[in-house]
Structures are given as structure tokens and as C-alpha cells.
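Chemist: sequence first, then the predicted structure:
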Amino acid sequence: MKMPPRRADFTFFSPVGFLSVSEKNGEISAIRWGEQSKKAPASKSLAKAHKWLMGYFRGEFRPLCFPIKLSGTDFQQRVWKALLQIPPGETISYGKLAQNLGTSPRAVGNACGANPIPIIVPCHRVISSNGSIGGYSGGQGIKTKRKLIIHEDYYS
């Protein structure tokens, strides 16, 4: 008999607003903005992700210490894997990332917008070729993206 997936959520207040972190079967699977119900982490993975995120907001940029599960197309997976290679405090343009992946900047932007685990998978580190901030689908949009980039630049 196949067991249904085990899911859990944890919400906390961060410098970029309320964040709700979700895990499924022990793997972090999503971060969403705006939820305000606080509760204690219900799993080791959520506790580790919370500790990692709190460290991130204190300027501690450490390797991931918990499993993540990125659900998306093969192409989105390729983009998200590339995002994980961008060091804190650095940015890359949509065009350069697209060139590295052999695709178009718009396709990279769409994959960034579909990223289910922002901050941890740092789509905020991708900017326009002209140096402008570009778009962002999380939090308060460009304002949140700018905060994350400035935060990383300050601490790196």
C-alpha cells in the first residue's frame, strides 16, 4: 500500500516579510510570501531550513544542509541548478545565463519566475543585461529583489 506524501509547513517573519516554508517527504519544496500563521517547524528538514534562512538574513552564507525538491520541467531544472551555482553577492544577467544554457533570456526569466524555492534557489541574483534589476515574482516584487541583492552585497 502506497503511503500518501507527508507534507508540513512553517511560517516565520523575515526581513522580507512573512515566509512560509513547505516540505514534502523530508525535502524542502516551496517558499511562499505573505502567510502569517506562525507555528513550530514540524520536521527536521523544516527546522534546518529555518535555521539556514535565519543565518542567511544575518549574513551567513552557508551551503545547504537540508534536501530540496524542485518540481518543474527538465528545462526549469537546468536553470534552477545553474542558479544554485551563483555565489552570494554576485549577479548574472538573464542573457549571460541564457548563453551558458544555450537558450533565450526570456526562457531563463520564465524559469526564474516559476522557481518554487526562492531565496534558497537564488533567482534574485539574475538581473537584466543593462544592469537594471529586472523582474521578481516574490514578496513585493522588484523591491524584495533589490533588498536581497543589497543584503548579499553588504555581507559578502
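Modeler: In hand now; what should we look at?
Chemist: check contacts around residue 149.
Modeler: Contacts here follow Cβ atoms under 8 Å, 6 or more residues apart in numbering; on that basis residue 149 touches 91, 124-125, 127, 133. (Glycine included, C-beta is placed from N, CA and C.)
Chemist: wait, residue 140 sits on residue 146?
Modeler: No: contact criterion Cβ atoms under 8 Å: residue 140 and residue 146 do not qualify, at 9.5 Å.
Chemist: top of the contacts of residue 149 by neighbour count?
Modeler: Among the contacts of residue 149, the one with the most neighbours (other Cβ atoms under 10 Å) is residue 124, at 27 neighbours.
Chemist: the spatially closest residue to that one that is not a sequence neighbour: which element?
Modeler: Closest residue to residue 124 apart from its sequence neighbours, by Cβ to Cβ, 6 or more residues apart in numbering: residue 148 at 4.3 Å. In this structure, residue 148 is located in helix 142-155 according to DSSP states H and E.
Chemist: now do the buried residues in that helix.
Modeler: Within helix 142-155, the residues scored as buried using 16 or more other Cβ atoms under 10 Å are 144-145, 147-149, 151-152.
Chemist: where in this structure is pLDDT low?
Modeler: Applying pLDDT under 70 to the chain picks out residues 1-7, 36-40.
Chemist: how are the strands of it distributed by residue range?
Modeler: 7-14, 17-24, 27-33, 92-93, 126-127 (DSSP state E).
Chemist: tell me the domain ranges of the protein?
Modeler: In terms of domains, the chain is parsed into 7-57, 74-155 (source: automatic domain parsing).
Chemist: mind putting those domains in TSV, distance to residue 63 included?
Modeler: Shown next, in TSV, are these (distance: least, Cβ to Cβ, whole Å):
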stretch	distance to residue 63
domain 7-57	9
domain 74-155	10
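Chemist: out of those, which is closest to residue 66?
Modeler: domain 7-57 (4.0 Å; Cβ to Cβ).
Chemist: any idea how far that closest one is from the chain center?
Modeler: Centroid separation for domain 7-57 versus its chain: 12 Å, with Cα atoms, centre = their mean, to the nearest Å.
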